[in-house]
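> Model the following, please.
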Amino acid sequence: MKLDILETHDRLEHFKRQDFSIGECCQHLIDQRPFGDHEFYIFAHPRTDDDGVTKRMIWQPRLTKPKAQTNSMLFKGKPGTDVIKVIWMIPARELWQNFEYGKMTENDIIAQSIYNFLHNRVMLEAKEDGDLPDDVIDKIYTEISKSSKYKKI
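Alright, predicted model coming up:
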C-alpha cells in the first residue's frame, strides 16, 4: 500500500483537531464550584441512552477517588484556577491497541494509564495530595444533602 505522506499528515492533523474539548468540559465544572473552594475529582464516563445506540458523556464531580475502570477518565481540579490534573484516561478495552506507541493515534497519557491499570492499579486508586480527610468529606456531602432537601420543600 502506497501512502502519500502529505495526505497522511493532513489526516493526522484533522484527527488531532477533533475533540469535544475535554479541557472546556472540566473547566466548566470547576467554575461551578460544586464543593466550594475544595479540590475535587471529575469522573467522566460514557453511558448509553435508553435507545441503545446514542452515547453521552457523564461528567461527575466527586470528593473521593473512584475505582479505576475501563472506558473512563479521571481529572482533578481546583476552583479559582485553570489547572486540571489528568489522573487517568482509560479507553474501552477493545480500543487499547489503537493507543500503542508507534501508531498514528498513540497517546502517552492513555498508554501510561492502560499500563498502570494493568500493572499498578493501586497507584491509580491511591489518595492524592490535597485530598480531604474522610470526616470532612462526609460533612460536605451531608450539607449538600440537607440543602437539596430544603430546596425541594
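> Torsion angles phi and psi at residue 123?
For residue 123, the backbone dihedrals (degrees, to the nearest 10) come out as phi -70, psi -40.
> Okay, it and residue 115: tell me how far apart.
Distance of residue 123 to residue 115, given as C-beta to C-beta, to the nearest Å: 11 Å. (Each C-beta comes from the backbone N, C-alpha and C, glycine too.)
> For the longest helix seen in the chain, which residues meet the burial criterion?
Of all the segments of type helix in the chain, defined by DSSP state H, the longest one is helix 134-152. For helix 134-152, burial by neighbour count (16 or more other C-beta atoms under 10 Å) applies to 137, 140.
> Would you map the strands across this structure?
Ranges of strands in the chain, per DSSP state E, are 40-48, 55-62, 72-77, 84-90.
> Quickly compare these and say which is most buried.
The highest mean neighbour count among the strands of the chain, using mean count of other C-beta atoms under 10 Å, belongs to strand 72-77: a mean of 22.
> got the contact list for that strand?
22, 26-27, 29-30, 39-45, 65-66, 68, 83-90, 128, 130 (C-beta atoms under 8 Å, 6 or more residues apart in numbering).
> can you check stretch 51-60 too?
Residues contacting stretch 51-60 (C-beta under 8 Å, 6+ apart): 20, 25, 26, 29, 42, 43, 44, 45, 46, 47, 48, 49.
> Closest one to residue 104 out of those residues, please.
Comparing the contacts of stretch 51-60 against residue 104 with C-beta to C-beta places residue 20 closest, at 20.1 Å.
> before we move on, back to that, can you redo the strands of the chain as JSON lines with mean pLDDT and distance to residue 136?
Shown next, in JSON lines, are these (pLDDT from 0 to 100; distance: least, C-beta to C-beta, whole Å):
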{"stretch": "strand 40-48", "mean pLDDT": "93", "distance to residue 136": "12"}
{"stretch": "strand 55-62", "mean pLDDT": "90", "distance to residue 136": "14"}
{"stretch": "strand 72-77", "mean pLDDT": "96", "distance to residue 136": "16"}
{"stretch": "strand 84-90", "mean pLDDT": "95", "distance to residue 136": "20"}
